[in-house]
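Novice: Have a look; sequence and predicted model below, questions after that.
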Amino acid sequence: PPVEAAEAFLAVLAERIALAAAAVAAVLDPGRVVLGGETGRAGGDGLARRVEERLRTLSPLDTEVRAARSGGGAVLRGALLTALDAARDALFAPDDHPAAGAG
């Protein structure tokens, strides 16, 4: 049945995401992992819950897992805004500002 196949797929996907999140959490201890992009939107709160439950068995750290509400372009938009801020700082910073460069 399709429902059983979907549940099996989500279980496998949650397992794989939890393994990756456990590795990251062991180094960074982020406190929260956000499932972003299409995966977060398609899996939603159900996938996030499954990942969080599995992550609890893999890691002693208390790591919350949530599904992102924004679209897949949010990360790209954030990266572009960060690059734009850095470029503005480099171009328009006073000479004694560290972003102005050494030369």
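Specialist: Arrived safely. Residues are numbered from 1 along each chain as shown.
Novice: Give me the most central residue, the chain.
Specialist: residue 34 (4.3 Å; C-alpha atoms, centre = their mean).
Novice: Going toward the C-terminus from the helix or strand harbouring it, what's the next helix or strand?
Specialist: Per DSSP states H and E, residue 34 falls inside strand 32-35. As assigned by DSSP H and E, the chain's next helix or strand after strand 32-35 is helix 37-58.
Novice: What is the lowest-mean-pLDDT helix or strand in the chain packed up against?
Specialist: Least confident helix or strand, the chain: helix 74-92 with a mean of 86, by mean pLDDT, DSSP states H and E. Packed against helix 74-92 by the contact rule (3 or more C-beta pairs under 8 Å, 6 or more residues apart in numbering; DSSP states H and E) you find no helix or strand. Bear in mind the C-beta positions are built from the backbone N, C-alpha and C, glycine included.
Novice: can you state the direction angle for that helix and helix 37-58?
Specialist: 100 degrees (axes from the mean of the first three to the mean of the last three C-alpha atoms, to 10 degrees).
Novice: May I see the buried residues of helix 74-92?
Specialist: Under the neighbour-count criterion of 16 or more other C-beta atoms under 10 Å, helix 74-92 has nothing buried.
Novice: gap between it and the chain center?
Specialist: 19 Å (C-alpha atoms, centre = their mean, to the nearest Å).
Novice: circling back to that earlier point, residues in contact with the strand holding residue 34?
Specialist: 17, 21, 24-25, 40, 43, 47-48, 51, 55, 63-68 (C-beta atoms under 8 Å, 6 or more residues apart in numbering).
Novice: what pLDDT, on average, does that strand get?
Specialist: Strand 32-35 shows a mean pLDDT of 91.
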